[in-house]
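S.K.: Pasting a predicted model and its sequence here:
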Amino acid sequence: MQHIIDKAKELAVDEINKYGVPKMEHFVLANEKGQQLAEQLEANKDIVLLGTMLMDLKIGQCMKEGRLSEHVQDSSLVAQEFLKQFDLDSENIKKIISCIESHHGLDDYYCLEAEICANSDCYRFLSPEGFFHGVLIFGNRLSDFNNALTQLENKVEEKHKIISLDICKRETEANYLDFKKLIKEAKRVKIK
């Protein structure tokens, strides 16, 4: 399995280097949080790692082409092709693809590993490290300060709604409230 993980990381990092998205720090953060959650919840760490590495595989290309809403579908299709080259059983492939396809949240996940991937993705904007990297992302991408704050606020809200695991709710709720307050205060400040 380590060979597959190494190749998946290589593929994901190549995409990040090519398109600059997701931010490398966000990629690492989701992977690390996914591994921590998988261990705590006794899930398959390899499936989770492959899920977190491949879930946003095509986000950069889709953003560049103005098709951001299609990044999950594109990531899934590329991951399916990628996984065909390895001797993985169909159940593991189904779990990995489920991690990718449901990382924006579902009411009913196919497997625990998919729910872990969705929750670990939320730390990209609901942890202090992830939030401040988000500030950099939107600050660099958008020239209007208030627009950048609104985009960041939307991302914080989106991720807060996805959190489903109790352990993640406990870890992120105070951050969520603090980030909302911080954004509100920042919007009140007039930059001249």
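M.R.: Cool, the structure landed. Numbering: from 1, shown residues only.
S.K.: Poorly predicted segments of this protein, please.
M.R.: 142-143, 190-192 (pLDDT under 70).
S.K.: can you give me the helices for it?
M.R.: Counting by DSSP state H, the chain has helices at residues 2-19, 24-40, 45-54, 59-64, 71-84, 90-101, 112-126, 128-141, 145-162, 166-188.
S.K.: Show the secondary-structure elements that the shortest one is packed against.
M.R.: By that I understand helix 59-64. Contacts defined by 3 or more CB pairs under 8 Å, 6 or more residues apart in numbering; DSSP states H and E place helix 59-64 against helix 2-19, helix 71-84. Where you see a C-beta, it was placed from the backbone N, CA and C, and this is true even at glycine.
S.K.: ok, back up a step: want to throw the helices of the chain into JSON lines with mean neighbour count?
M.R.: Output for the helices of the chain, formatted as JSON lines (neighbours: other CB atoms under 10 Å):
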{"stretch": "helix 2-19", "mean neighbour count": "15"}
{"stretch": "helix 24-40", "mean neighbour count": "19"}
{"stretch": "helix 45-54", "mean neighbour count": "26"}
{"stretch": "helix 59-64", "mean neighbour count": "18"}
{"stretch": "helix 71-84", "mean neighbour count": "17"}
{"stretch": "helix 90-101", "mean neighbour count": "20"}
{"stretch": "helix 112-126", "mean neighbour count": "27"}
{"stretch": "helix 128-141", "mean neighbour count": "17"}
{"stretch": "helix 145-162", "mean neighbour count": "17"}
{"stretch": "helix 166-188", "mean neighbour count": "14"}
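S.K.: In space, what's closest to Gln151 - neighbours in sequence excluded?
M.R.: Closest residue to Gln151 apart from its sequence neighbours, by CB to CB, 6 or more residues apart in numbering: Phe138 at 4.7 Å.
S.K.: Quick check, the one you found in contact with Ala148.
M.R.: Yes: with contacts counted by CB atoms under 8 Å, Phe138 reaches Ala148, the gap being 4.1 Å.
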